[in-house]
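Asker: Sequence and computational prediction follow.
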Amino acid sequence: MASGTNGASSSSGQQALDRFTQMMIERMERMKNSGFRQSWIEGTRAGGLPQNISGRNYSGSNSFFLHLHTAMQGYELPVFLTFKQAHNFKAHVLKGEKAFPVIYWDMMVRDKDGKRISSDEYRAMSRDERKDLDVIPFVKAFPVYNLDQTNFRDVQPDKMQKLLDRFKVPELRDTQGMYANSALDRIIAEQSWLCPIQADKRENDAYYSRSQDTIFLPMKEQFNISNTPEDIYCDGMEFYTTMLHEMTHSTMIPERLNRETASKYGDQKYIKEELVAELTAAMIGHSMGFDGKVTDNSAAYLDSWIKRLKQEPKFIVSVMADVNKASEMILDRVDAQRISLGEQPYLAKNDPLMAPLEDEICPFRNAAIIKTRSGDFALRASYNGADLGMKPIERSTARMYFQLTDQREKDIFLGSAIRKNYESEIAGIDRRASKSLSIV
């Protein structure tokens, strides 16, 4: 099976990746020129991951660069929506505002005769059916706007207030006046991370020992080196940023995320791993409401990162893919602690208030609209463990579905199409389930 990237450098997806790379280079150069006094993501700190107005989290490159874009533009919240979504909320994009790209990966698939196969049909195939196909992944982009670029605040004041409340970050301080984070503190206290974290003994450096599979951190009080109350508060942020950096390193091993490891100190794989750890810590920290400066060890690699990005712009794709995986692994453990503390989780998938809503939109499994080999379109799904089979649908219905860019809107559309086309089958399954329950 062949693979590669789309060579259309003028595509919206490639333009978005080029923009992301340039943003990263500019950010690194600005940090370097500041003498490393700036954090990776400067600006307003809101307690949450960038999300669509529907509540769906953005992931990978999108999450980090929407954070960075929000900070650079001074937007209040990292909440975005499409032009159509603004219209659905009876709002509009303000005159002169420019969109920001959100990317997603798609694929071009052709069989041995050169016939095009839809990505949905490809995903439905077995491994044997796929082996003779030519698959070319490529990136697409669609435009989104921050809420501050619209009049959403004026026309939806109640919804805006709920979002402000959701992203509000309380100022928590420990007995020394340093920033405190309850979820991360509990991870240490309960040793609930993937490996032990030692933070109760004096250490000169923070590091992850692969041979011992243990994270060693200086005590939090060792980070208390400032004089003013505000600087002491920020010293606490440096402790947690360092902790997240080393937690990221601990995800590299084969039993976890299996990232490429360095053969020697300072080689290209080592340099990449340091960037993954820096950006993961920065993105999670900013989402939790705090920022930390680039670590002393990583500061030495800024020139190498800048050079690599300039020579190989697609380097950012590989880096952000690793950042996305590591971030999700860490946030899963953070969310478990936040839920136990009665706090809202960061990942929508971990939010018990979000799950019923998603099931209500599309309570079906294996659901998809696919293009058949004959060139027609069909609908498939399963419901309560029963396969509903495949049914042909109108080409116009399929076209409307594939034109949607927001995943939540696609889920709603798909759920509606399934209910309409499988009405009798669903009713039959519900009757049988009801009858079975009454017999029991």
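Answerer: Received the coordinates, thanks.

Asker: Quick check: I316 touching M23?
Answerer: No - the criterion here is Cβ atoms under 8 Å, and I316 misses it with M23 at 9.3 Å. To be clear about C-beta, it is placed using only N, CA and C from the backbone, and glycine gets the same treatment.

Asker: the more surrounded of those two?
Answerer: I316 (25 against 16; other Cβ atoms under 10 Å).

Asker: Please report how far the more buried one lies from Q51.
Answerer: From I316 across to Q51, the span is 22 Å (Cβ to Cβ, to the nearest Å).

Asker: From F239, how far off is the nearest residue to Q191 once chain neighbours are set aside?
Answerer: The spatial neighbour of Q191 that comes closest, neighbours along the chain excluded (Cβ to Cβ, 6 or more residues apart in numbering), is I197 at 6.7 Å. The gap separating I197 from F239 is 12 Å, by Cβ to Cβ.

Asker: Spit out the residues that contact these two alike.
Answerer: Common neighbours of I197 and F239 (criterion: Cβ atoms under 8 Å, 6 or more residues apart in numbering): L217.

Asker: Comparing the two, which shows the higher neighbour count?
Answerer: F239 (27 against 22).

Asker: May I have the beta-bridge partners of the residue nearest to Q191?
Answerer: I215 (DSSP bridges).

Asker: ok, it to L244 distance?
Answerer: From I197 across to L244, the span is 11 Å (Cβ to Cβ).

Asker: quick revisit: please report how far the residue nearest to Q191 lies from H249.
Answerer: Distance from I197 to H249, by Cβ to Cβ: 12 Å.

Asker: Confidence-wise, which helix or strand of this protein is lowest on average?
Answerer: helix 355-361 (a mean of 39; mean pLDDT, DSSP states H and E).

Asker: Next, show the common contact partners of I197 and H249.
Answerer: I215.

Asker: so what's the closest residue to M400 other than its chain neighbours scoring on pLDDT?
Answerer: Among residues not flanking M400 along the chain, F413 sits closest, at 7.2 Å (Cβ to Cβ, 6+ apart). Per-residue pLDDT puts F413 at 77.

Asker: What residues does F413 make contact with?
Answerer: M400, Y401, L404.

Asker: Now flag whichever of the residues you listed is closest to K84.
Answerer: Closest approach between those and K84, by Cβ to Cβ: L404, at 8.8 Å.

Asker: The closest residue to the closest one other than its chain neighbours: neighbouring residues, count only.
Answerer: Spatial nearest neighbour of L404, excluding adjacent residues (Cβ to Cβ, 6+ apart): K410 at 4.7 Å. Using other Cβ under 10 Å, K410 has 17 other residues around it.

Asker: any idea where the helices of the stretch 201-350 of the chain begin and end?
Answerer: For the stretch 201-350 of the chain, the helices defined by DSSP state H, counting those that start in this stretch cover 229-249, 268-288, 296-299, 302-311, 315-340.

Asker: now the third one: mean pLDDT?
Answerer: Per-residue confidence for helix 296-299 averages out to 70 on the pLDDT scale.

Asker: pLDDT below threshold where in the stretch 151-300 of the chain?
Answerer: 262-266, 295-297 (pLDDT under 70).

Asker: The same query, at a cut-off of 90, please.
Answerer: By pLDDT under 90, the low-scoring segments of the stretch 151-300 of the chain are 166, 168-172, 260-271, 289-300.

Asker: quick one, strands of this structure?
Answerer: Remark: strands assigned in the chain by DSSP state E are 51-52, 79-81, 100-110, 116-117, 134-146, 197-198, 207-209, 214-216, 365-371, 377-383, 386-393.

Asker: Return the most buried member of those.
Answerer: strand 79-81 (a mean of 25; mean count of other Cβ atoms under 10 Å).

Asker: Residues contacting it, please?
Answerer: Strand 79-81 is touched from outside by 50-53, 58, 66, 89, 100, 102, 144-147, 150, 152, 163, 167, with contacts defined as Cβ under 8 Å, 6+ apart.

Asker: The strands of the chain: which one's closest to L257?
Answerer: strand 207-209 (13.3 Å).

Asker: and the closest one, which strands flank it?
Answerer: strand 214-216 (antiparallel).

Asker: Spatially nearest residue to the residue most central in space within the chain (excluding sequence neighbours)?
Answerer: Closest to where the C-alpha atoms of the chain average out (Cα atoms, centre = their mean) is S59, at 1.9 Å. Excluding the flanking residues, the one nearest S59 by Cβ to Cβ, 6+ apart is N324, at 5.3 Å.

Asker: these two touch, right, that neighbour and S63?
Answerer: Yes - taking contacts as Cβ under 8 Å, N324 lies within contact range of S63: 7.2 Å.

Asker: Settle it for me: which of those two has more neighbours?
Answerer: S63 (25 against 20).

Asker: In terms of pLDDT, where does that one sit?
Answerer: So, for S63, pLDDT stands at 91.

Asker: how close does the residue nearest to L404 sit to Y179?
Answerer: 40 Å.

Asker: do D128 as well
Answerer: Taking Cβ to Cβ, one finds D128 at 54 Å from Y179.

Asker: How about A417?
Answerer: Counting by Cβ to Cβ - A417 and Y179 are separated by 49 Å.

Asker: Likewise for A277?
Answerer: 20 Å.

Asker: So these two - more neighbours on which side?
Answerer: Comparing A277 with Y179 by other Cβ under 10 Å, the one with more neighbours is A277, at 26 against 21.

Asker: Report how many residues lie close to the nearest residue to that one once chain neighbours are set aside.
Answerer: Among residues not flanking A277 along the chain, T248 sits closest, at 4.1 Å (Cβ to Cβ, 6+ apart). By the criterion of other Cβ under 10 Å, T248 has 27 neighbours.

Asker: Spit out the contact partners of R380.
Answerer: A124, N366, A367, A368, I370, L388, G389, M390, K391.

Asker: Same question for M320.
Answerer: F20, G60, S61, F64, L279.

Asker: Is it possible to get JSON lines of those residues that adds neighbour count and distance to K349?
Answerer: Formatted as JSON lines, the contacts of M320 follow (neighbours: other Cβ atoms under 10 Å; distance: Cβ to Cβ, whole Å):
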{"residue": "F20", "neighbour count": "23", "distance to K349": "24"}
{"residue": "G60", "neighbour count": "19", "distance to K349": "15"}
{"residue": "S61", "neighbour count": "24", "distance to K349": "19"}
{"residue": "F64", "neighbour count": "29", "distance to K349": "19"}
{"residue": "L279", "neighbour count": "24", "distance to K349": "21"}
